[in-house]
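pasting the sequence and the predicted model now:
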Amino acid sequence: MDYSDNFIKSALFEFKRYKSIGDNTFLQLNEEDIHWKLNKSDNSIALIVKHLSGNMLSRWTNFLTEDGEKPWRNREDEFTNPYETKIEMLAGWEAGWRCLFEALNSVTLNNFDTTIKIRNESHTIVEAVHRQLAHYSSHIGQIVLLGKMIKAENWTALSIPKGTSEDFNKNMFKK
């Protein structure tokens, strides 16, 4: 069994799953919603997405050959100047994910042992992928929680809705 290929396929599956969770959250939000903050010092969804996109573009651009913290990245700007529109936010979201997926799809058995640098710290590909998967899933969890807070009773569950676990499990075990 080729564990490197299996690892990349598994990582791609998980990244796509988290992207889908974000996508399905954005479908429920309008222009005003993406800028909502509970407090002045909080991050809006538009800011979180700008940070995610900036991180993805920095980490995954030439990730096999360059440090993941690019000199052109302005991390501070990601938290102070949100995307102004939902269309702009979604374009940034897609650009980040496209960069990530292209990078992961470039991993082969021949380059799987490449040492990846992030802020001049060495990582295996497995370590770098785990680092980013944990980072992105935490921020996507924030996006979902904010979406749920904003939409309240108008929120549509993204997974098994409350009160339906038993039926869901029965159907799953019938397969």
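Sure, I can see it.

CA only for contacts and neighbour counts going forward, please
Fine.

now do the lowest-mean-pLDDT helix or strand in the chain: distance to the chain's middle.
Scoring the helices and strands of the chain by mean pLDDT, DSSP states H and E places helix 165-174 at the bottom, with a mean of 88. Helix 165-174 sits 29 Å away from the centroid of its parent chain (Cα atoms, centre = their mean, to the nearest Å).

and for stretch 62-78?
Relative to the chain's own centre, stretch 62-78 is displaced by 16 Å; criterion: Cα atoms, centre = their mean.

now swap in stretch 77-88 and tell me
16 Å.

what residues are up against residue 79?
Residues near residue 79 by Cα atoms under 8 Å, 6 or more residues apart in numbering: 43, 47, 48, 50, 51.

so of those, which ones are in helices?
Within the contacts of residue 79, residues falling in helices by DSSP state H are 47, 48, 50, 51.

name the nearest residue to the first one, sequence neighbours excluded.
The spatial neighbour of residue 47 that comes closest, neighbours along the chain excluded (Cα to Cα, 6 or more residues apart in numbering), is residue 82 at 4.6 Å.

same check, this time on the last one
Residue nearest to residue 51 in three dimensions, not counting chain neighbours: residue 78, with 4.8 Å by Cα to Cα, 6+ apart.

circling back: go ahead and confirm the residue nearest to residue 47 touches residue 46.
Yes. Contact criterion Cα atoms under 8 Å: residue 82 and residue 46 qualify, at 5.3 Å.

quick one: residues contacting residue 7.
Residue 7 touches residue 126, counting by Cα under 8 Å, 6+ apart.

okay, and it sits in which element?
Residue 7 belongs to helix 3-26 when assigned by DSSP states H and E.

ok, now residue 161?
Using DSSP H and E, residue 161 sits in no helix or strand.

what about it, how many residues nearby?
10 (other Cα atoms under 10 Å).
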